[in-house]
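Visitor: coords please:
(one chain, ligands or ions: 2)
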Amino acid sequence: MNLKGKSAIVTGGGRGLGKAVALILAKEGVNIGITGRNEENLKATVEELKGLGVQAAYAIFSMDKEAAVQAGIAALAKDLGGVDILINNAGIGDFGSIEEMSSETWEQVIKTNLFGVYYAAKAVYPFLKEKGAGDIVNVASTAGLKGGPNMSAYAASKAAVVSLSQSMMAEWRKQNIRVITLTPSTIASDMSIQGGLTDGNPETVLQPEDFAEWVRDILKMNRRALIANGSIFSTNP
Ligand SMILES: NC(=O)c1ccc[n+]([C@@H]2O[C@H](COP(=O)([O-])OP(=O)(O)OC[C@H]3O[C@@H](n4cnc5c(N)ncnc54)[C@H](O)[C@@H]3O)[C@@H](O)[C@H]2O)c1
Ligand SMILES: O=C(O)[C@H](O)[C@@H](O)[C@H](O)[C@H](O)CO
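Guide: Ligands and ions are numbered 1, 2, ... in the order given. Predicted coordinates for the structure are as follows:
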């Protein structure tokens, strides 16, 4: 794939997975616009990107505010002279039980992770349509394929992103726009450390142990559980 000279917008590109993807694309010669909320991170990342010899710019906005997402994406498209690729990566992981998590937090997770992905794709779409080609990568999670304990809002938001991507794919294929859904498992980042899924050491993933415990509990309930392709399906006995 020759990506040299293309332009990509990476939401949540100031740290974590988004920053890693932005750097990889920049090494391929892609001009990068990153978005986020922390100006210090964004500025430092833009300098790193420029150091790789590409154009780089940032925009600050919150993914849950449609008008702000639209204005921020339009500003980056102007800075970069167009957009070819959207990496729809920004998201929050707020982990907790259904019983204890406040409904406000639940709503905020859905708004950021689902509405945010929708707002950003919708804002980028006219630029890709005009070019007659483009790529949108929506970052979901394995959590969206199966759900799990203490992640009801997060998993529901990511399941919806999987479905939303399929609708985008179906609607926009005629405009030659590819829509790709990523469903990563646990990766050491600020989000997974704060969520108690890892301890920051790339070798240590804590969450699968909880998850295995959950599977054992399902089995104890005398339900049949089938594990396939990283997903768990349980059926009533
Ligand atoms: N780390 C993992 O194990 C893992 C696994 C699967 C999927 N993911 C997904 O990968 C993506 C990146 O996560 P990460 O692990 O790098 O976490 P992270 O917390 O380091 O990065 C998240 C980024 O999203 C931005 N963001 C969050 N809420 C925002 C908002 N309201 N407005 C604007 N920007 C906002 C943050 O500023 C940050 O840059 C997320 O969508 C996450 O759900 C992560
Ligand atoms: O941040 C994430 O999205 C999480 O890491 C999930 O992907 C879990 O790791 C998954 O549910 C494994 O059981």
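
Visitor: contacts only, for residue 50.
Guide: Listed by Cβ atoms under 8 Å, 6 or more residues apart in numbering, the contact set of residue 50 reads residue 56. Glycine gets a C-beta too; all of them are placed from N, C-alpha and C.

Visitor: any regions of this structure where pLDDT drops low?
Guide: Counting by pLDDT under 70, the low-confidence segments of the chain come to 208, 218-237.

Visitor: so which residues on it come close to ligand 2?
Guide: 93, 141-143, 148, 185-186, 192, 197, 207-208, 211 (Cβ under 6 Å from any ligand atom).

Visitor: out of these, which two sit at the greatest distance?
Guide: 93 and 208 (15.8 Å; Cβ to Cβ).

Visitor: ok, those two, which is more surrounded?
Guide: Taking neighbours as other Cβ atoms under 10 Å, residue 93 and residue 208 compare with residue 93 leading, 21 against 12.

Visitor: hang on, the more buried one packs against residue 154?
Guide: Yes: using Cβ atoms under 8 Å, residue 93 is in contact with residue 154, at 5.4 Å.

Visitor: got the phi and psi for residue 63?
Guide: Main-chain dihedrals, residue 63, degrees, to the nearest 10: phi -60, psi -20.

Visitor: likewise for residue 182?
Guide: Main-chain dihedrals, residue 182, degrees, to the nearest 10: phi -100, psi 140.

Visitor: next one: the one 5 residues further on
Guide: The phi/psi pair for residue 187 (degrees, to the nearest 10) reads phi -130, psi 140.

Visitor: list the residues that contact it.
Guide: Residue 187 neighbours (Cβ under 8 Å, 6+ apart): 17, 198, 202.

Visitor: one more time with 10 Å, if that's ok
Guide: Residues near residue 187 by Cβ atoms under 10 Å, 6 or more residues apart in numbering: 16-17, 20, 141, 197-198, 202, 205.

Visitor: so which residues of the chain form helices?
Guide: 16-27, 39-50, 66-80, 103-110, 116-131, 143-146, 152-172, 190-194, 207-220 (DSSP state H).

Visitor: mind checking which of the ones you listed is nearest residue 60?
Guide: helix 39-50 (6.0 Å).

Visitor: for the closest one, buried residues please.
Guide: 41-42, 45-46, 49 (16 or more other Cβ atoms under 10 Å).
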